[in-house]
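>>> Fold the following.
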Amino acid sequence: MGVFSTDQNPVALFGVDARKQVGIELKKLNVSRAMVFADAFMVDNGKAEELAGYIREAGIEALIYKAEVGEPTSSFCDNAADFARENKVDGMVGLGGGATMDTAKIACKLVANGGKTDDYLGYANTAGNHPIMPLLLLTTTSGTGSEVSVRAAVESDAGVKGAINQGGTMAIVDPTYTYTVPPVITANTGIDALTHAVECLFNCENVEHLMADMYAKESIKLIFQNLLIAYVDGSNEAARVNLSYASMLAGFCLHLRKLTYGHSAGNQISSKLHCPHGVSVGATLPSVIRYGVKNIPAFTTHLCECLGVRNDAAAPDILIKMFDELQKNVKMKNMKELGIEREFIEGMVEEIKKDSKWKVMTPPDFDKMKESLYEAWDY
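Sure thing, here's the model as predicted:
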């Protein structure tokens, strides 16, 4: 067993009605003028104004900025940073899904370090290390993990999907926000969280980390126990709380161990189809499962432990079936159903080989990866 760190930044505040403490937490950070960066839905349904009210109750000025619709792009982030500079805010609150929180992270990085979003793109890009203004992230879905992740996904204006290294100051996870999330988004975000936990667990032999194993396994177990329930009955508060917790745990895994190739493949699908992130990585998850249970014994052992499967010769097939059935039960589409041509996989593999993350991580066996992607194309 190698040496590992238990570093879990950012701090996370979890629980029903935790959002009501946002003003108190900003006050502790000496914020006097806060920008509430919220997605369009949260602005239109009054939730952004409610949050601004809690901030004002703490004696802090609050300005609401309505995020642009869609996945984060360089221009979206640049525009948000410009607003923050022009209004001289000294704290920011991101309210929404992964796109909103990632944009808020990048905007804070730009305010602190100058330049444009594209200057900081790249998994191995270490530019821009000046401390950001206090940034509180409140997630409104159970899936992205962005509220506790130290990276932000973005698409350059040239259409290239990438990541920027930047986390928030504090996460506030209030499951209340998820009670009215519709079934399709419940599925997309729930499967997104599952991919985070699974991909981090995939690296269990390359990067030994007992805490990452624990978080990933608990997240996977909770998602299997609660996703279909919440998908069928969104008003089931216990299922919603458990999914929010599972998503947060999976988000911490991203920080402790990092993802494997599934997200690299999924990002190519989302760039081609402009589909939601959860849809694209959900389509590549069956590949990660097939590769892992056939080639990584410790990965199979961990999945058996958290899903109650006997670890014998039949376990790989049983696990593949369990994951496939969960995805189908919540109406997630495979690559073929999404309209991805089988031939696209060849180019996908070549692009994955170029991913800069392999400079700091052990790469997969690309032949086995390709084989599993073909198997998952129309699972």
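>>> So, low pLDDT: which residues of this protein?
For the chain, the stretches with pLDDT under 70 are 1, 4-8, 123, 158-160.
>>> you'd agree residue 3 is in a helix?
No: counting by DSSP: H, G, I helix; E, B strand; the rest coil, residue 3 falls outside a helix, being coil.
>>> For the remainder of this discussion, apply numbering that starts at 607.
Got it, the first residue is 607 from now on, which makes the last one we talked about residue 609.
>>> Count the residues that sit near it.
6 (other C-beta atoms under 10 Å). Yep, even glycine has a C-beta here, placed from its N, CA and C like the rest.
>>> Okay, helices next: where are they in the stretch 607-756 of the chain?
628-634, 646-650, 653-663, 680-692, 704-719 (DSSP state H, counting those that start in this stretch).
>>> Can you say which of those is packed in most?
helix 704-719 (a mean of 27; mean count of other C-beta atoms under 10 Å).
>>> Could you tell me the angle between it and helix 680-692?
When axes from the mean of the first three to the mean of the last three C-alpha atoms, to 10 degrees is applied, the directions of helix 704-719 and helix 680-692 differ by 50 degrees.
>>> Let me have the helices of the stretch 607-756 of the chain in CSV, adding distance to residue 905 as columns.
What follows is the helices of the stretch 607-756 of the chain, written out as CSV (distance: least, C-beta to C-beta, whole Å):
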stretch, distance to residue 905
helix 628-634, 38
helix 646-650, 37
helix 653-663, 39
helix 680-692, 35
helix 704-719, 25
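>>> could you measure the spatially most central residue of the chain against residue 761, distance?
Most central in the chain under C-alpha atoms, centre = their mean is residue 750, positioned 2.8 Å from the mean C-alpha point. Distance from residue 750 to residue 761, counting by C-beta to C-beta, to the nearest Å: 15 Å.
>>> Ok, residue 871 next?
16 Å.
>>> out of the two, which sits in the more crowded spot?
The neighbour comparison of residue 871 against residue 761 (other C-beta under 10 Å) goes to residue 871, with 26 against 22.
>>> Find the nearest non-adjacent residue to residue 791, please.
Leaving aside its sequence neighbours, residue 791 sits nearest to residue 747 (C-beta to C-beta, 6 or more residues apart in numbering; 6.4 Å).
>>> residues touching the one you found, list them.
703-704, 783-784, 787, 791, 795, 853 (C-beta atoms under 8 Å, 6 or more residues apart in numbering).
>>> now do residue 963
729-730, 864-865, 870.
>>> quick one: it is in a helix?
Yes: secondary structure assignment (three-state DSSP) places residue 963 inside a helix.
>>> I'd like the distance between it and residue 863.
Distance from residue 963 to residue 863, by C-beta to C-beta: 12 Å.
>>> how many other residues sit next to residue 830?
Residue 830: 17 neighbours (other C-beta under 10 Å).
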